[in-house]
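Chemist: structure of the sequence below:
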Amino acid sequence: FDIMIEVRVIPDADRILIRELAQTLRQLMGRWHRSIHHQDRNYHGFAINEPFESCLNFYPAFSQATNYSEGMACVSKRIANKPEPGESEFLWGYIDKSGKQVIDFSFESASSFKKGIAVVSTKEGYGYIDPSGKFVIPPKFRLAWEFSEGLARVTVETGQMAFIDRSGQLVFSVPDGGWADPFSEGFANVRIRGTDGEDRWGYIDQTGKFAIPPEFRMAEPFRHGLAAATRGIETGYINKMGHFVWKTTIPADLLPKMKQENK
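Modeler: Got it, this is the predicted structure:
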């Protein structure tokens, strides 16, 4: 979160109070980093912020950058040699908060670390590395996403959606699955293609079984026991039994537009 303190007039008697407040905030909040893109020069840097104190360092060699997570940020740089057809012109690696490279620039894509693991990709596919840069799950998937509640969604070689555990073992697959958000409160909202060719959303549990049948035109992850969902002309919030606890009716003139957006 951000804290902004605007001071228009500071009487001399209040300067000591302001200074003490700044010191307290600094002790409580420490330092944090965020990625900043320099629009004019087209490179990224990092702002290191503290209350009433800031500095900004830019690294022109970095073409793209993410925010810091677990002490590291993943950054990319343009490779020197011209890439082969089908290869990326950028390679990704990781730096620490001092800007020092800690994991080599050897990945075609990379993501932030979360709970000691990050998704990266190479020519072989997508896999997962630890903070030393070592693969803990080999790059054998077509696509891969971050872990949530112990499971991660991947696309296997056949093109089918599946979920793996942190050892890389396949836990279950989702036939006809098109999309799934990360697990939240024990459920994952999943989009599948029905026999009629229409997409439907439902919720699976951590065994891969549908806890709430795929009968919704839209379904969001659960938060605090409720999830936003749309079924037919009804839209609102459902509980984990799949029942609406609050709903309203979609105006008829909006239905054609919603159907088009959901395709």
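Chemist: and the strands in the stretch 1-150 of the chain?
Modeler: For the stretch 1-150 of the chain, applying DSSP state E, counting those that start in this stretch gives strands covering 32-38, 43-50, 53-58, 64-65, 73-78, 90-95, 101-107, 109-110, 118-122, 125-129, 135-141, 143-148.
Chemist: which of those strands comes out lowest on mean pLDDT?
Modeler: Note on the strands of the stretch 1-150 of the chain: strand 53-58 shows the lowest mean pLDDT, a mean of 39.
Chemist: got the contact list for Glu124?
Modeler: Contacts were defined as C-beta atoms under 8 Å, 6 or more residues apart in numbering; by that measure Glu124 touches 138-140. (Each C-beta comes from the backbone N, C-alpha and C, glycine too.)
Chemist: okay, Glu87: pLDDT?
Modeler: For Glu87, pLDDT reads 70.
Chemist: what about it, how many residues nearby?
Modeler: 13 (other C-beta atoms under 10 Å).
Chemist: just Pro138 next, same as before
Modeler: 13.
Chemist: which residue is the nearest non-sequential neighbour of it?
Modeler: Gly127 (5.1 Å; C-beta to C-beta, 6 or more residues apart in numbering).
Chemist: can you pull up the bridge partners for that neighbour?
Modeler: Val120 (DSSP bridges).
Chemist: and what of Gly236?
Modeler: Residues in beta-bridge contact with Gly236 (DSSP bridges): Ala229, Lys247.
Chemist: isn't it right next to Thr249, touching?
Modeler: No. Under the criterion of C-beta atoms under 8 Å, Gly236 is not in contact with Thr249, lying 9.5 Å apart.
Chemist: who has more neighbours, these two?
Modeler: The neighbour comparison of Gly236 against Thr249 (other C-beta under 10 Å) goes to Gly236, with 15 against 10.
Chemist: can you pull the contacts of that one?
Modeler: 228-229, 244-248.
Chemist: and if you look at Val102?
Modeler: Contacts of Val102 (C-beta under 8 Å, 6+ apart): 72, 94-96, 133.
Chemist: then Lys115?
Modeler: Contacts of Lys115 (C-beta under 8 Å, 6+ apart): Phe147.
Chemist: for Lys97, see how far away it is.
Modeler: Using C-beta to C-beta, to the nearest Å, Lys115 is found at 19 Å from Lys97.
Chemist: and what of Ser76?
Modeler: Counting by C-beta to C-beta - Ser76 and Lys97 are separated by 18 Å.
Chemist: got it, and Glu185?
Modeler: Applying C-beta to C-beta to Glu185 and Lys97 gives a distance of 33 Å.
Chemist: give the contact list for the residue nearest to Pro138.
Modeler: Taking C-beta under 8 Å, 6+ apart, one finds 119-121, 135, 137-141, 144 in contact with Gly127.
Chemist: quick one: which of the residues you listed has the most company?
Modeler: Neighbour max across the contacts of Gly127 (other C-beta under 10 Å) = Val119, 26 neighbours.
Chemist: test my guess that that residue contacts Ser111.
Modeler: Yes. If you go by C-beta under 8 Å, Val119 and Ser111 touch, sitting 4.5 Å apart.
Chemist: and for the two, which residues touch both?
Modeler: Joint contacts of Val119 and Ser111 (C-beta under 8 Å, 6+ apart) are Glu146.
Chemist: re earlier: please convert the contacts of Gly127 to TSV, extending it with distance to Phe107.
Modeler: Converted to TSV, the contacts of Gly127 look like this (distance: C-beta to C-beta, whole Å):
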residue	distance to Phe107
Val119	10
Val120	4
Ser121	6
Phe135	11
Ile137	14
Pro138	14
Pro139	9
Lys140	15
Phe141	14
Ala144	12
